[in-house]
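# Here is my input, please return the structure:
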Amino acid sequence: MLLAPDSHVAPSALALMLAFGIDQLWGEVPARVHPVVWMGHVATMLRRRVPQSSPATALAGGALVALALPALFGAAAFGLLRALPEGPLGAVCEALLLSTTFAVRALGQAVLAVRDALEAQDLQAARRALGQLCSRKTEQLDASQCSAAAIESAAENASDSFVAPMCFYVLFGLPGAMAYRAINTLDAMLGYRGPLEYLGKASARLDDVANLVPARLTAGLMLIAGAGGAMPAVRVWWRDARATASPNAGHPMAMMAGLLGVRLDKKGAYALGAHLRQPGAPDVTRAWKIVSTTAWLSVGAALTGLAGLTALARFTGPSQLGTF
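Reported below is the predicted structural model:
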């Protein structure tokens with residue numbers, strides 16, 4: 001809406017609802033046609049071609065990659081939208097593309113796989129399932145630590161997997177949602193300390209900026225979703241949201257810790273709700289219920305935002321649509 005006055009490119013409430021429905025019913029599309037998989041392939045190709053003879057060259061090359069990948073996929077989405085017909089058929093095609101930026105169903109399957117293994121008291125299976133959900137080393141984690149890691153991943157990915165792409169879709173249409181997913185993919189692939197630190201520094205910082213608002217919005221939606229523990233949750237969020245190295249991840253995670261009344265920690269890194277009890281498998285179930293409700297609330301918030309921007313555009317006139 002903000003950058004897409006063209007009716008072919010402007011965000012659509014119908015496409016948004018269809019996209020969320022597609023994700024809820026069918027989940028991820030096959031890997032061979034999934035845009036995020038293609039993003040990973042292109043990112044790998046670019047990474048191999050960036051000179052890394054010194055920290056300075058790696059930093060400069062990484063900055064180019066951080067800008068190039070979102071621009072490439074945002075432009076591709078823009079071109080595809082311009083080629084689609086207007087009307088219901090175009091909305092369905094747009095929804096199929098938009099659904100690939102969401103991962104609600106896949107996230108739930110991954111979280112509940114950890115829960116199921118913990119309930120079966122199969123710690124090895126829980127560790128394996130957790131390895132599919134997060135990048136943390138799982139070999140030495142006990143059952144409570146596996147529960148905590150699953151809850152943290154569910155909370156953090158609530159922002160990355162649907163609230164953030166919805167925000168970017170509302171503001172910038174499908175090109176914005178695709179560009180966001182490219183930013184997030186680069187951060188996941190390159191944004192770590194170690195050999196790739198300088199190459200991935202720009203990607204990590206760009207991801208931090210992109211998630212500043214969505215992460216805090218996610219925490220607020222979680223508060224509504226789990227309102228029964230609102231005041232304790234707000235206290236934990238207020239105290240611990242900035243305890244993580246990421247300026248954003250701590251917000252939904254700290255809110256979840258407070259809502260569940262559990263301690264979420266990563267040894268040597270942070271402790272959210274340090275005074276609270278250790279979590280177990282039932283808390284993973286409760287966490288997913290909150291995240292699932294948050295997803296539905298985010299759809300309502302996105303539709304409200306679209307309606308508000310549409311009304312504002314009509315009030316100010318079409319000539320001002322691209323200036324907000």
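
# so who does the closest residue to Leu18 other than its chain neighbours touch?
Among residues not flanking Leu18 along the chain, Ala95 sits closest, at 3.5 Å (C-beta to C-beta, 6 or more residues apart in numbering). Using the backbone N, CA and C atoms, a C-beta is placed for each residue, glycine as well. Listed by C-beta atoms under 8 Å, 6 or more residues apart in numbering, the contact set of Ala95 reads Leu14, Ala15, Leu16, Met17, Leu18, Ala19, Ile22.

# make it 6 Å
Ala15, Leu18, Ala19 (C-beta atoms under 6 Å, 6 or more residues apart in numbering).

# can you tell me which residues contact the first one?
Under the criterion of C-beta under 6 Å, 6+ apart, the contact partners of Ala15 comprise Ala91, Glu94, Ala95, Leu98.

# Repeat that for the last one.
By C-beta under 6 Å, 6+ apart, the contact list for Ala19 reads Ala95, Leu98, Ser99.

# any chance of the contacts of Ala15 in JSON lines, plus secondary structure, pLDDT and distance to Leu118?
Output for the contacts of Ala15, formatted as JSON lines (DSSP: H, G, I helix; E, B strand; the rest coil; pLDDT from 0 to 100; distance: C-beta to C-beta, whole Å):
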{"residue": "Ala91", "secondary structure": "helix", "pLDDT": "89", "distance to Leu118": "41"}
{"residue": "Glu94", "secondary structure": "helix", "pLDDT": "95", "distance to Leu118": "39"}
{"residue": "Ala95", "secondary structure": "helix", "pLDDT": "96", "distance to Leu118": "35"}
{"residue": "Leu98", "secondary structure": "helix", "pLDDT": "97", "distance to Leu118": "34"}
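
# Dump those residues into TSV; add distance to Gly220 as well.
Formatted as TSV, the contacts of Ala15 follow (distance: C-beta to C-beta, whole Å):
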residue	distance to Gly220
Ala91	29
Glu94	28
Ala95	26
Leu98	23
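
# How far does the longest helix anywhere in the chain sit from its chain's centre?
Longest helix of the chain, by residue count under DSSP state H: helix 281-316. Offset of helix 281-316 from its chain centre (C-alpha atoms, centre = their mean, to the nearest Å): 13 Å.

# Now do the same for that helix: mean pLDDT, whole number.
When pLDDT is averaged along helix 281-316, the result is 92.

# Quick one: list the elements packing against it.
Judged by 3 or more C-beta pairs under 6 Å, 6 or more residues apart in numbering; DSSP states H and E, helix 281-316 is in contact with helix 13-26, helix 104-119, helix 143-158, helix 164-190, helix 212-225, helix 250-260.

# For this structure, give me the ranges with low pLDDT.
Across the chain, residues meeting the criterion (pLDDT under 70) sit at 1-8, 193, 228-229, 317-324.

# please redo it, this time with the cut-off set to 90
Counting by pLDDT under 90, the chain shows low-confidence ranges at 1-12, 47-55, 84-91, 134-140, 190-200, 226-232, 266-269, 308-324.
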